[in-house]
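# Just the structure for this:
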Amino acid sequence: MPITPTTPIDKPAVEAKTFDQMYLKRLMIMSSTPLSTRVDARLVPLNSTTGETDDDSAVAVTIANVQEAAATNPLIAQAMGALFAAIESYAKNEGII
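Numbering: from 1, shown residues only. Predicted coordinates:
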């Protein structure tokens, strides 16, 4: 049975917006062992003209086992190889390793 408020509740109209790209807001790489790496990413809609994002429509992307995924997806293998090489290069240049 509906309940009638004493004053009607008005919700203002919202302007329609277009988000033509996705923004990589978060990227986490976790490795419990050298042979078991997980990637969690958060993609947020982005309007490339205004820079506005829509966090409410964000999506999660998870690669549960990067090594397994890389065996069938050459882009994943290439990306992870490039990332590891870049981290190694940075660490050496900064005197960390």
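
# ok, now how distant is residue 57 from residue 8?
To residue 8, residue 57 is 29 Å away according to Cβ to Cβ, to the nearest Å. Glycine gets a C-beta too; all of them are placed from N, C-alpha and C.

# more neighbours, those two?
Each of residue 57 and residue 8 has its neighbours counted (other Cβ atoms under 10 Å); residue 57 has more, 11 against 6.

# How about the more buried one: what's its closest non-neighbour residue?
With Cβ to Cβ, 6 or more residues apart in numbering as the criterion, residue 57 has its nearest non-adjacent residue at 5.0 Å, and that residue is residue 45.

# right, and the one you found touches residue 25 too?
No. At 10.3 Å, residue 45 and residue 25 do not qualify as touching, with contact defined as Cβ atoms under 8 Å.

# Remind me which helix or strand the residue nearest to residue 57 belongs to.
In this assignment (DSSP states H and E), residue 45 forms part of strand 36-46.

# now the angle from the helix or strand hosting residue 80 to strand 36-46?
Under the criterion of DSSP H and E, residue 80 resides in helix 74-93. Angle between the axes of helix 74-93 and strand 36-46 is 100 degrees (criterion: axes from the mean of the first three to the mean of the last three Cα atoms, to 10 degrees).

# Look through this structure and tell me its longest strand.
When the chain is parsed with DSSP state E, its longest strand is strand 21-33.

# Just the residues contacting that strand, thanks.
Here strand 21-33 makes contact (Cβ atoms under 8 Å, 6 or more residues apart in numbering) with 37-48, 53, 55, 58-59, 66, 83.

# again, but for stretch 54-73
For stretch 54-73, contacts defined as Cβ under 8 Å, 6+ apart pick out 17, 19, 22, 25, 29, 35-46, 76-77, 80.

# Any idea which residue is closest to the centre of this structure?
Per Cα atoms, centre = their mean, the C-alpha nearest to the average position across the chain is that of residue 42, at 2.3 Å.
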